[in-house]
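Student: Sharing a model prediction with you, sequence too.
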Amino acid sequence: MPIQFDLVSIITFSAILVMFYCFWLTFKLKASIPGGVVGKKWGILTGLVTLFTIGYLATPFFQQLAIETQQLLVSVIFLFGAIYVVITVRLIHTVITELTE
Amino acid sequence: MPNDTIFHKTTKGQQAIDTRNIKLAMTMRRALIIVDGKASVDDLQQKAPMYDNLEDMLNTLVNQGLIIANTEAVNESIFEPEATKPTPTVEVIILESPVAPQTQPDSVAATKARLTRLLKDEFSFHKKASVQKAVKKLIADLEDANDNIEALSKAWNKCIKITKLTIDVKMAELLKSSGERLFSQLTL
């Protein structure tokens, strides 16, 4: 399969690299948060990051998929992305509330 | 179990405290310590209000042969404490200070030592390396606090918050209530 070095490919490759870094960071930080409020949410975030990493890895192969499949995958990633944002925002809010009490 | 039941430690139970030959969770050990042959179950519950399941813990101790109810103690081997040696209670254990007896520790410093001991005791049965590492840092931060009530209170509140956020929510609540008792006993 020939690899195209256009702008889209460069951005996609960069996104995959960033996602891998995030994946590694998530697991590294998980070791130092054994439990508590953050620890519990961190487990969920780890699962979501794993899902995103798999999704990002699949992006170079998107053109080989049917349009409907592509759209379904994108919408699923968007949905879980939104869930991830909600969890992160609520977690930050909880931490700030706890620290400023 | 009737609430007016009085329990005695058996010889085995006293050995478990003195020699630690029987591995007990810290909460179970505390429950064993507060049994003094005089206090009823109601009295024990007042001594240890943070333990919601004290009756279950006492039943477990009975099943392990470490304590025995007063009514059954007639023909059983119960531990008879020496007159000169006081029976340890939860409060005494918590209040034990590592400061050498020849000095007169300041009361804030003594409370700090008790809080440090409380942290060590409550997390002693956690085997996770990450928990032990976090607790070590908490203890170091607490020991670095200045010897005045405000600084100690601030450091302790920080310990509780970090415990709640990153270690264990229920443990944080237990530490909070235990810490409040210690701070209320602090004499100026």
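Tutor: Looks like it arrived, so ask away.
Student: Around chain B, which positions in chain A sit nearby?
Tutor: A:31-39, A:95, A:98-99, A:101 (Cβ under 8 Å from any Cβ of the partner chain). Where C-beta positions appear, they are placed from N, C-alpha and C, glycine not excepted.
Student: Whichever of those end up buried, select them in PyMOL.
Tutor: To isolate the buried ones among the residues of chain A next to chain B in PyMOL, judged by 16 or more other Cβ atoms under 10 Å in any protein chain shown, type:
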select buried, chain A and resi 33+34+35+36+37+38+39+95+98
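Student: Next, check the residues of chain A next to chain B against the helices and list the overlap.
Tutor: Judged by DSSP state H, helices contain the following of the residues of chain A next to chain B: A:G36, A:V37, A:V38, A:G39, A:V95, A:E98, A:L99.
Student: Which residue in the residues you listed has the weakest pLDDT?
Tutor: Sorting those by pLDDT puts A:L99 at the bottom of the list (85).
Student: Name the nearest residue to that residue, ignoring sequence neighbours.
Tutor: B:K161 (6.4 Å; Cβ to Cβ, 6 or more residues apart in numbering or on different chains).
Student: Any figure for the gap between the one you found and B:A110?
Tutor: Counting by Cβ to Cβ, to the nearest Å, the separation of B:K161 from B:A110 is 24 Å.
Student: For these two, indicate the residue with more neighbours.
Tutor: Each of B:K161 and B:A110 has its neighbours counted (other Cβ atoms under 10 Å in any protein chain shown); B:A110 has more, 21 against 18.
Student: what pLDDT does the more buried one get?
Tutor: For B:A110, pLDDT reads 86.
Student: gap between it and B:N157?
Tutor: Taken as Cβ to Cβ, the span from B:A110 to B:N157 is 19 Å.
Student: now swap in A:G55 and tell me
Tutor: 42 Å.
Student: Neighbour count for these two, which is higher?
Tutor: A side-by-side neighbour count of A:G55 and B:N157, using other Cβ under 10 Å, places A:G55 first with 16 against 13.
Student: Now do the same contact list for the more buried one.
Tutor: A:L73, A:V76, A:I77 (Cβ atoms under 8 Å, 6 or more residues apart in numbering or on different chains).
Student: For the last one, what are phi and psi?
Tutor: Meaning A:I77. Dihedral pair for A:I77: phi -60, psi -40, per degrees, to the nearest 10.
Student: repeat for the second one
Tutor: Torsion angles at A:V76 (phi, psi; degrees, to the nearest 10) stand at phi -70, psi -40.
Student: A:S14: neighbour count?
Tutor: Neighbours of A:S14 (other Cβ under 10 Å): 10.
Student: Wasn't it part of a strand?
Tutor: No: according to DSSP: H, G, I helix; E, B strand; the rest coil, A:S14 belongs to no strand; its state is helix.
Student: Toward the C-terminus, what is the element adjacent to the least confident helix or strand in chain B by mean pLDDT?
Tutor: Ranking every helix and strand in chain B by mean pLDDT, DSSP states H and E puts helix B:90-95 at the bottom, with a mean of 41. Counting by DSSP states H and E, the next helix or strand C-terminal to helix B:90-95 is helix B:107-122.
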